[in-house]
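Novice: this one's sequence-less:
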């Protein structure tokens, strides 16, 4: 008679456990704010502050500054005609006029025995900048009948003009801008552009080789 084999207990298989993947919380990076406008808009001159430079032959010492500002929906000016001596220019619907004062002065002379006459740069040298948009000045030719550049209760529009050590080259820049433009976040960018008709006249002017990319002068209007 055969002996019976002892019963074998088969262990119940234990299910294989999988370690959970560790939870990784990605690091949060604080975004670096980008400047709204490139340098030198990051550090503009304050309104009223002067910028100093010399003329194209390093003879005259000069200064230029942006002074007061005001907004208008329209303005009166001398039309220069006997039938309509005073005219009115109204801004288009949705627009207004920003008026900005500019002042040039001859602050000194580096060399003796030279003429002290300097020709200030053209109005196109000054651009208004708001929210990354550049605006050019209004010209007298854009205003019907404008002859003497005079605006009532404001002063004279800025234009290229001769100055010497006893004069100043002041005037008003006029910009036609959308209604929402606010001077609290607006700038004036300056890079001199000379009147070509005077380039060979012998009068002194702003340097022709002025770097309008790396040496633009900026004022804040706030």
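Specialist: Done, it's in. Because the structure is a prediction, the values reported are computed rather than measured.
Novice: longest strand of the protein?
Specialist: Secondary structure of the chain per DSSP state E: the longest strand is strand 95-109.
Novice: just give the nearest non-adjacent residue to residue 157, would you?
Specialist: residue 149 (4.3 Å; C-beta to C-beta, 6 or more residues apart in numbering). Glycine gets a C-beta too; all of them are placed from N, C-alpha and C.
Novice: report the separation between the one you found and residue 106.
Specialist: Per C-beta to C-beta, to the nearest Å, residue 149 is found 21 Å from residue 106.
Novice: number of nearby residues for residue 117?
Specialist: Neighbour count for residue 117, taken as other C-beta atoms under 10 Å: 16.
Novice: on that earlier part again, show me what contacts the residue nearest to residue 157?
Specialist: 140, 156, 157, 159, 171 (C-beta atoms under 8 Å, 6 or more residues apart in numbering).
Novice: over to residue 102?
Specialist: 64, 65, 66, 67, 126, 158, 170, 171, 172, 173.
Novice: repeat that with 7 Å
Specialist: Going by C-beta atoms under 7 Å, 6 or more residues apart in numbering, residue 102 touches 64, 66, 126, 158, 170, 171, 173.
Novice: just residue 61 next, same as before
Specialist: Here residue 61 is in contact with 52, 54, 107, 108, 109, 110 (C-beta under 7 Å, 6+ apart).
Novice: could you redo the last one with a cut-off of 8 Å?
Specialist: Contacts of residue 61 were listed using C-beta under 8 Å, 6+ apart, and they are 52, 54, 106, 107, 108, 109, 110.
Novice: and what of residue 91?
Specialist: 72, 73, 74, 97, 176.
Novice: could you redo the last one with a cut-off of 7 Å?
Specialist: Residue 91 makes contact with 73, 74, 97, 176, according to C-beta under 7 Å, 6+ apart.
Novice: bridge partners for the third one, pull those for me.
Specialist: Spelled out, it's residue 97. residue 72, residue 176 (DSSP bridges).
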